[in-house]
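Asker: show me how the following folds:
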Amino acid sequence: MKDGHTKLIDMADRRYAGGPVIGLFEIRERTLHKFSDLQLRQSETTEWSIGRARSCDIQLLDCTVSLLHCKVTCGASGAWEIIDANSTNGVVVNDLRVSRAVLVPGMWIFLGRTELIAMGPDGAIPITATTNTSFLYKAAAYYGSDRKAAARIGKSAATVRRARQRQRRRQHGDSSQHRCDDA
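Answerer: Residues are numbered from 1 along each chain as shown. This next block holds a predicted model:
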């Protein structure tokens, strides 16, 4: 996904609070997995699998992601929900391990070491953060590099890099926390 097709939005702008989720943006691969594209491939299905297996609707190439890691379903209310499929490393939503969660725009989802963002309408990605470090980390992930994020938000690349490293240590601790799922 190119930067010109998405935008960072201010969560103080109430037009973007809540609203429908249109897909999941995979940070490392810079790929948008749109729910509407999945619907075209699978006619009336409102449930998709996410995992490492080729048979998954969204395949993630990450050894810390289980073969079938989780499912995304559309509930009766029309809201999308992510449900853990008893994966080895779990589903972490906004820094909290969950068995299921309703997706809202701007929600950060970790499946093993893979980071996803729930995309809002018009390709908007609201970046919500409780600390400056968290915001800089998310901006670097969104823009694809410390240098690009620094240029867009008016900080030095070194400041963004240090914040990203601190946040990464805080989120993941030592690397033994996530196990590769060999099953």
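Asker: wait, Val92 touches Ile109, no?
Answerer: Yes: in this structure, Val92 is within contact of Ile109 by C-beta atoms under 8 Å, at 7.1 Å. In this view, the C-beta of every residue, glycine as well, is placed from N, C-alpha and C.
Asker: have a look at the two and say which one is more surrounded.
Answerer: Relative neighbour count places Ile109 above the other of Val92 and Ile109, with 23 against 18, counting by other C-beta atoms under 10 Å.
Asker: ok, longest helix in this structure?
Answerer: Taking DSSP state H as the criterion, the chain has its longest helix at helix 157-172.
Asker: what's in contact with that helix?
Answerer: 95, 110, 113, 132-134, 136-137, 139-141, 146-147, 149-150, 153, 178 (C-beta atoms under 8 Å, 6 or more residues apart in numbering).
Asker: now do the strands in this protein.
Answerer: 7-9, 23-26, 31-34, 47-51, 58-59, 70-74, 80-84, 91-93, 96-98, 100-102, 108-111, 114-119, 124-126 (DSSP state E).
Asker: helices and strands around the shortest one, which ones?
Answerer: Looking back up the chat, that one is strand 58-59. Helices and strands touching strand 58-59, by 3 or more C-beta pairs under 8 Å, 6 or more residues apart in numbering; DSSP states H and E, are strand 47-51.
Asker: got the contact list for the residue positioned nearest the centre of the chain?
Answerer: In the chain, the residue lying closest to the centroid (C-alpha atoms, centre = their mean) is Leu116, at 1.5 Å. Neighbouring residues of Leu116 by C-beta under 8 Å, 6+ apart: 24-27, 108-110.
Asker: noted, bye for now.
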